[in-house]
Structures are given as C-alpha cells and as structure tokens.
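> dropping a prediction and its sequence here:
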Amino acid sequence: MAYMEGRIYMPNNKKLREEILKEHHNPVDIRHLGQHRILELLKRTYWWPGLKEDIKKYVQGCFKCQQNKVQHQRRAGELHLLEISKGPWQEISIDMIGPLSSSNGMDAILVIVDQFMKMIRLKATTTNISSEGIAKFYRDKI
C-alpha cells in the first residue's frame, strides 16, 4: 500500500474509488453527505489525483441528493408580460455599447430598437454623449 503525505494513495482504479465514495456518501448512520463534508472526511485518510472533482461528480450524480437539494436562492418573482406597442417607433429601447477602441474620434455605439418592428438604428458616438445628444439624434434621424 502506497502513502502520500500520510494518507493512503488510491491507485487509478475507478471501481475501488467509487466504492470509497459510496461508503463515505451513504454511511448507514448519517446518509448522503454533501461534497464539502465528504471531501473533509476522505482527505483525512485517502488521496488521489482529481479527488475533489470525483466527489463533485459523484454527489451531482446522486438522485436522492438532487431530489432533496436545498435551494439557497430567493424564489423568482412573477413574470409580467409587456404591453404590445400600437405602432412603429412608439416604444423604444436605448442602449450604449462601449467604451470601444477609438475610431474617427468615436468610442461607443448608440443602439435604438423599435419594440414594435424590432427595427434597429445604430449611431457611432462617444461614451460621454448627453441625454440631450441622444434626444437630438432621435428627433433628427428617427
């Protein structure tokens, strides 16, 4: 038996490694420990290359663990449909892409999208364009 830093080195034997994971993941007295707890227990006694990844795959492949997994995220809010526009250019969305590499003194792209027809207008601009500048572009070009 080989040792690595005082721990048993497990040879590259998939069946043997899986048996050890099973014993530590499904102990009779506790049942279905999580990734971090199994890693903590196994690192006391065993070592092999990719131990952490093998534990992660094993736990993610456990049906009972996935079925009883506790969600730590807030529940998503209700989705509300947006009203459909009555005609072209009545509702728009505006976005700015940038800063980009400067070209002809411009370092951003102004993106205006019509929500009715999904038509798009693009304008090369600078990142310091004002809301007044955006309004003038909209008035003159759209």
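Nice, thanks for sending it over.
> who's in contact with Ile92?
Going by C-beta atoms under 8 Å, 6 or more residues apart in numbering, Ile92 touches 112-115, 138. To be clear about C-beta, it is placed using only N, CA and C from the backbone, and glycine gets the same treatment.
> okay, who's weakest in these by pLDDT?
Within the contacts of Ile92, Tyr138 has the lowest pLDDT, namely 84.
> from Glu132, how far off is it?
Between Tyr138 and Glu132 the distance is 11 Å, computed by C-beta to C-beta, to the nearest Å.
> neighbour count winner among these two?
For Tyr138 versus Glu132, neighbours defined as other C-beta atoms under 10 Å are more numerous around Tyr138 (16 against 8).
> surely the more buried one touches Lys123?
No. Using C-beta atoms under 8 Å, Tyr138 makes no contact with Lys123, being 9.7 Å away.
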